[in-house]
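K.L.:
can you look at this prediction? I've put the sequence above it.
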Amino acid sequence: MMKIRNMTAAVADAMAAVSLYVQRGNDEEPPIGGCRFEARMLRESLTPLRNMLYEVLDCIREDWNLIIQNDMLFEELRRLLEACDRFHENAYAFDEAALGHGPLLDDLLGDAWLPRIYLVNMIEWEKEAEYVRSYVRKNCPVGVRLDDPFRGVAARLHKFFHGVSDNDIREFVMNGVSLAGKPKWIGDKCQAVIFGQMLGKTCKEMNDSFLFCRKNGEPLKLAYSHHKPDLEMNQYDIYGIIKPLRDATNKKKD
């Protein structure tokens, strides 16, 4: 990720230098060296940068569950996306500056369409990375602490229910706001009992927010007395996910 941030910054500087050069056109005193060094960098960096972006995206997908649960890795991801956003802005400005300077760009870059290709590459990459970018925007906006227990909780609870955001879960846990869309609870209902009881939710609140079904798909109502766990709560998968949220509710009460 660091390598991409450094490379996008260097290429952006080259874009700015070439933009200045072509806009000055045939002035008597063009920039020293005629931007040949920067032009060569832009030609030679196009494919490596594109390949690097897709390689790191593959790595992010592969390590996604680890990244969203590790503050340092998540911060690296956020910084990478911020660098990519800045580079997109630079690529857009480069493309705008290049308009009307086709012959000069063709002579300098060997391809008058190179600025547009950089911009299109970023647009295509952002479409491929939209899930990642959307997740970061929703779950770690400006001002949200990286140690926020609700950051990434929707992904961690995906094996039990899905279709909700971190903020939806935060509102349900902290403010009692029912989950919109009433997601279906997947798997053991005893873990739903643990979820509800640890977070201080009544059976009615759980049934108002989740759809519970029999094995044949027929809806039923969750009942704490009927679906109670056989083992101690801390022996179930959901316990470790819910404990930080319970701690957050206890702090609010205090």
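P.N.:
All right, it came through fine.

K.L.:
check which element follows the host helix or strand of A17 along the chain.
P.N.:
Following DSSP states H and E, one finds A17 within helix 2-24. Along the chain past helix 2-24, the next helix or strand (assigned with DSSP H and E) turns out to be helix 36-62.

K.L.:
give me the angle between that next one and helix 2-24.
P.N.:
Angle, helix 36-62 to helix 2-24, by axes from the mean of the first three to the mean of the last three Cα atoms, to 10 degrees: 140 degrees.

K.L.:
following helix 36-62, which helix or strand shows up next?
P.N.:
Per DSSP H and E, the first helix or strand lying C-terminal to helix 36-62 is helix 64-69.

K.L.:
touching that next one from outside, list them.
P.N.:
60, 73-74, 77, 132, 135, 139, 151-152, 155-156 (Cβ atoms under 8 Å, 6 or more residues apart in numbering). C-betas here are computed from N, CA, C, even on glycine.

K.L.:
can you tell me which of those residues is nearest A248?
P.N.:
Set against A248, the nearest of the contacts of helix 64-69 by Cβ to Cβ is R151 (11.4 Å).

K.L.:
what about the closest one, which SS state?
P.N.:
Of the three states, R151 takes coil under DSSP: H, G, I helix; E, B strand; the rest coil.

K.L.:
can you say which of the contacts of helix 64-69 are buried?
P.N.:
Neighbour-count burial (16 or more other Cβ atoms under 10 Å) is assigned, among the contacts of helix 64-69, to 60, 74, 77, 132, 135, 139, 151-152, 155-156.

K.L.:
return the item of those having minimum pLDDT.
P.N.:
Among these, N139 carries the lowest pLDDT, at 68.

K.L.:
give me the below-cutoff pLDDT ranges for this protein.
P.N.:
The chain contains residues with pLDDT under 70 at 25-34, 139-147, 251-254.

K.L.:
can we see that at 50?
P.N.:
Scanning the chain for pLDDT under 50 picks out 26-32, 142-144, 146.

K.L.:
all strands for it, in order.
P.N.:
Using DSSP state E, the strands found in the chain span residues 212-213, 219-220.

K.L.:
what would those look like in a markdown table with mean neighbour count and distance to E55?
P.N.:
A markdown table is the format used below for the strands of the chain (neighbours: other Cβ atoms under 10 Å; distance: least, Cβ to Cβ, whole Å):
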| stretch | mean neighbour count | distance to E55 |
| --- | --- | --- |
| strand 212-213 | 15 | 42 |
| strand 219-220 | 12 | 46 |
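
K.L.:
of all the ones you listed, which one is nearest F87?
P.N.:
Closest among the strands of the chain, using Cβ to Cβ: strand 212-213, at 46.8 Å.

K.L.:
related to what we said a few turns ago, now the strands of the chain as CSV including distance to H226?
P.N.:
Compiled in CSV, these are given as follows (distance: least, Cβ to Cβ, whole Å):
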stretch, distance to H226
strand 212-213, 11
strand 219-220, 10
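
K.L.:
which of these sits closest to L105?
P.N.:
strand 212-213 (61.7 Å).
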